[in-house]
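Participant: Take a look and give me a structure for this.
(3 chains)
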Amino acid sequence: MRTLGALAAAGVLLAFVPALKLPAFYETFLYLIFHWIVLATSWNILSGYSGYFSFGHGAFFGIGMYTTATLSTKANLPFLGTLPLGAALAALLGVALGAIVFRAGRMRGELFALLTLAVSYVLATIILNTPIDGGPGVSLSAVAIPAIGPSPPSTFYLLALALAVVTLAIAYQVQRASLGRGLFAIHDDEDVAEVLGVPTYRYKLAALAISCALAGIAGGIHALFVNYVTVGETFSIVVPLSVVLMSVLGGARHWAGPAIGAAIITALLYAFTASNYAVAGRAAVGLILIVVILFLPQGVLGQVLRWAQRRAPKPKGSGLATARAEAPIQDLTPLLSATGVRKAFAGVQALAGVDLTVRRGEILGLVGPNGSGKSTLINVISGHYRADAGRIVFAGADIERLTAHRIARLGIARTYQIPRPFAHLTVLENVTLPAMFGHATLDRADAEREAWRWLEFTRLAAKATALPGELNLHQRKFLELARALAARPQLLLLDEVLSGLTPTEIDGAIALVKEIRAQGASIVFVEHVMRAVMELADRIVVLSYGSVIAEGGPAEVMERGEVVEAYLGKAHA
Amino acid sequence: MLEVERIRVSYGAAPAIVDVSLAIGARELVCVVGPNGAGKSTLINAIAGLHRIDSGALRFEGNELARLPPHRYCDRGIAIVPEGRRLFTGMTVRENLELGAYRRGLRAHRGQSLERVCALFPVLGERLEARAGALSGGQQQMLAIGRALMAEPRLLLLDEPSLGLAPLIVSALFETIRTIAATGVTMLLVEQNVAMALDVATRAYVLEEGRIAAEGTPDDLRRRPEIRRAYLGLTEERT
Amino acid sequence: MPSLALLGQSLLSGIFVGALYGLLGLGLSLAWGLLGQINLAHFALAVLGAYLTYQLAAAGLDPFLTLAAILPAFFLLGIALHWLFARFAVSVFNSLLITFGLTVIIEAGIQWIWSADFRRLESHYTDIRYRVAGLYVPLPELLTLVLAIALSLGLWAALRYTDFGKAIRASAEDQAMAQAFGVNAKALALLLSGVAAALAGVAGLCVALSYTLAPSQIYAWVGVVFAVVMLGGLGSALGPLVAGIVIGVSEAITMALTAPSWAPLVSFSLLIALLVLRPEKL
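Facilitator: The predicted model follows:
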């Protein structure tokens, strides 16, 4: 809240600049800075936060420009009235585009960039060839400039100032809200975000809509500012590329980053142009972009914040007594039952009709030789893949057709064999996310407390502010575990959590798994480290070539002829 | 021929292989068995030059291997049939085979080598112009072995060749391995299918959690409890 | 409805412009598909090459002979670029951003040396036109077509039939495996990057022969050539040429039937369709 207050205060303060009666040049210069702050910040809300770099921001900006140009001249609408219409139209196009493009799930970054660029060109062509522009451009000289400030330049200055404050406030709010958290997770690993409960499709559309609407308003204001709107100028490659540059320079992961980048670049270019070195200025800008990408990938602000965070004292634990979760239900009634589950990949039948039941409160070991389908089964249950056939019922609900984030909300959590933490989020943020989006659906403050609890449980509390890249394999595996637990799942799926650990670390992990079951979760774990399976499992299910070949108590099952044969071949049976 | 001396290999941050030593003599068929995650693939990849060694020595025919750039291992006479085949799926069967004989000095014999491989795997001879990606699992495995044979290796490395193949094809596969061994090629075989592996091997090692747990002749190892323990978690007390 | 002659001329001019698209797209496609480098600066390099051709030709050299200086220089530039990308382990997406920075630098350089004034290469090729079956065939455009076909076919054959070509294709699919069989993947990658950049130089020559030069030319082709590259298939040697001619002809027909300014719609709509419906093809 303090930040919003500060923004508002700054806005009010700066609103008095026209009273200083400076030469128009200053107000125009400041207008441009605010203009680019809006464009870069609005772009960043989708692209910087989620990693879906759009090269089509010019299209939405252009819609705003032409909506104002057309409506204020041909329809004689008052200028200010055209602005919300431009915003709405831009948002509409953005959502329509997103609805189609994001449907298929994750799209590669470079393809999304080129797609949005293409959309921009198409729009430009359409506008150029229809009566909207038609070729000669649209002149707004007859449009009345509202008298908000003492002079036209002041008016534009104040409009841009207001929009910049609003845009920054929105960017700040989004970053802090679930939407922002979700977008950051999507940035690092969209599939995992979905599996942890983030509604990825909805969030991407929301960010896109906000981004486009703001760009539309900026365009509307700019139309009157330039007074003469042409397709060439509006849809030139300058807008999309500049916003990328400004955001990357300032720091794309922070609401204030693009603003800083915008201010630096605009001022830089102005300085160079003023001293007749405009060309050198552009070359400098290109060089800055290269240097930033190679050496300063988090941008200026990002780097500064990293340094500050390193110096900051490490926060202590939550201090709250770790309250027990719901009393463990170990009544052994079925919690999950899978019947006839089949899944094939490019000709390989990974699951050939699996029947499996998991009972409440049990630890079920899922074993089998390499390639028997264990990981595939985990992926299908958690919604990472969709089964080709079969039925999966969890806590009374059919889940085989649900998207992964819905399955997470119902209470299933999983770990990945090769840990997939969100690389740019701290350990604490990694664990807070599933608490917010998973089965528990807590608000941010509660989610953070929950995260602390699980970090202490997995002995990772000391590393709360570290990035996953700084952890060793053992710690990253436990981070996977903490992340899965923070969602307060009813069913926990562990995928080879012990592989790669030393014998001592394995002992520690075994103890932890026992404690987890004591806290109330039912567990299915895939493992190759057999001594762990023997110690932990209440029951074992053995898979071979995609079907269940045996199940029962651990020692008894592993001695059965067909099981020994599956692993070692006939000679040993 | 091959001496591996106390090597340590990490996979990312974690040690995958610790203090492993083994030796392979000429014309031997040595087998490394062990459960999944034991480090078998990491071991064979390190020997093939696909993975860096943290410490220890790797010597082939007396020459130190560890400092060579990856594309020079083949020159020394080492060829690998990697886990999962890793064929060049966009290229034809013929092109995959020819690429096996890419290294210096082999281009002259390429035609002859191709004939030999096709004699060993007639199915490949019939489908030379097919795309490698269109072959069945068993055929792809044959192609992967054929590609390695084209390199005229003195040491042939096989990483879990039976993975993902139906039991009938696995039998045929091991027959082929016997045939190749009979021509005098030294082989190192890493396998999860213990029975078939011990049937063809002259000597074997058991790898468990990154270390050598046992070594000996196949008969030796069949009698000892390490294998049952490593794979099935069964120890003497439980049975 | 335009006359047959007009349509015929449009068709021809579409083929010619398509050949240039294909030539521009060739280096871009090879670098993207086989090296994982999206070289946005390819266009800037081509325009730079055009300016260099112009400059050296103004000094009296036959435009084609300027290649003797431009090709080796660009080849080295291509090697340097890939070396940089390999050294910093630049991701595919970041290669797009970095080469954008490079584009801006090159554009600024061009403007600084040659100013923003229009430049036109005057050579004895410029005014020669042949009359074939009632249609006009300008020599510069014909030469562009010939070069485009020759280079595309040549590279296609090299990739398809030579050992180096197969090694490059194998390396693009699985670098570690290619190395395991003796392919010096790193050296080949540098070589390929150099060739791609040299191709930009050749495209530059063709641009100089047929078009007026201005620094803003760099951005004129970005959109349509990316469309050509993606539609032709990344890493393909013949793809850009075929896709280029298809798009060039579609644009020309569109222009003849409606108005010139509708032309861009063709390539971009095709591109959007491809990206939305079949992204896995890329």
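Participant: Now do the strands in the chain.
Facilitator: As the question left the chain open, I've gone with chain A. Assigned by DSSP state E, the strands in chain A fall at A:138-139, A:228-229, A:334-345, A:348-359, A:363-367, A:389-394, A:397-398, A:412-414, A:491-495, A:522-526, A:539-544, A:547-552.
Participant: Correction: the question concerned chain C.
Facilitator: Taking DSSP E as the test, the strands found in chain C are C:129-132, C:135-138.
Participant: burial of A:Pro503, as a residue count?
Facilitator: Using other C-beta atoms under 10 Å in any protein chain shown, A:Pro503 has 9 neighbouring residues. Every C-beta, even on glycine, is put in place using the N, C-alpha and C of the backbone.
Participant: Which residue, other than its chain neighbours, is closest to it?
Facilitator: Of all residues not flanking A:Pro503 in the chain, B:Glu209 sits nearest, at 6.9 Å (C-beta to C-beta, 6 or more residues apart in numbering or on different chains).
Participant: Count the residues that sit near residue 20.
Facilitator: With no chain named, the answer covers chain A. Residues lying near A:Leu20 (other C-beta under 10 Å) number 8.
Participant: that answer is for a different chain, and I need it for chain C
Facilitator: Neighbourhood size, C:Leu20 [other C-beta under 10 Å]: 25.
Participant: sorry, back to before: quick one, which of the strands of chain A is nearest to chain B?
Facilitator: Nearest to chain B, of all those, is strand A:348-359, at 6.6 Å by C-beta to the nearest C-beta.
Participant: Show me what that closest one pairs with in its sheet, parallel or antiparallel.
Facilitator: Taking DSSP bridges as the criterion, strand A:348-359 sits next to strand A:334-345 (antiparallel) in its sheet.
Participant: Could you say which helix or strand holds B:Arg59?
Facilitator: Assigned by DSSP states H and E, B:Arg59 falls within strand B:55-60.
Participant: Partner strands of that strand and their direction?
Facilitator: Take DSSP bridges as the rule and strand B:55-60 pairs in its sheet with strand B:2-11 (antiparallel), strand B:63-64 (antiparallel).
Participant: Tell me the buried residues in it?
Facilitator: For strand B:55-60, burial by neighbour count (16 or more other C-beta atoms under 10 Å in any protein chain shown) applies to B:56, B:58, B:60.
Participant: Stretch A:384-398 now?
Facilitator: For stretch A:384-398, the buried set under the neighbour-count rule, 16+ other C-beta under 10 Å, comprises A:384-385, A:387, A:390, A:392-394.
Participant: Adding pLDDT, write these out as a markdown table.
Facilitator: Listed next are the buried residues of stretch A:384-398 as a markdown table, based on pLDDT from 0 to 100:
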| residue | pLDDT |
| --- | --- |
| A:His384 | 87 |
| A:Tyr385 | 90 |
| A:Ala387 | 92 |
| A:Gly390 | 93 |
| A:Ile392 | 94 |
| A:Val393 | 94 |
| A:Phe394 | 93 |
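Participant: from the residues you listed, which is closest to A:Asn227?
Facilitator: A:Asn227 lies nearest to A:His384 out of the buried residues of stretch A:384-398, by C-beta to C-beta, at 54.3 Å.
Participant: Can you name the residues of chain B that neighbour chain C?
Facilitator: When proximity is defined by C-beta under 8 Å from any C-beta of the partner chain, chain B lies next to chain C at B:48-50, B:70-75, B:79-80, B:82, B:86, B:88-91, B:95, B:98-100, B:102-104, B:107, B:147, B:151.
Participant: Got a quick PyMOL command for the buried subset of those residues?
Facilitator: Selecting the buried subset of those in PyMOL, with 16+ other C-beta under 10 Å as the burial test, is done by:
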select buried, chain B and resi 48+49+50+70+71+72+73+74+79+80+82+86+88+90+91+95+98+99+100+102+103+147+151
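Participant: Noted, bye for now.
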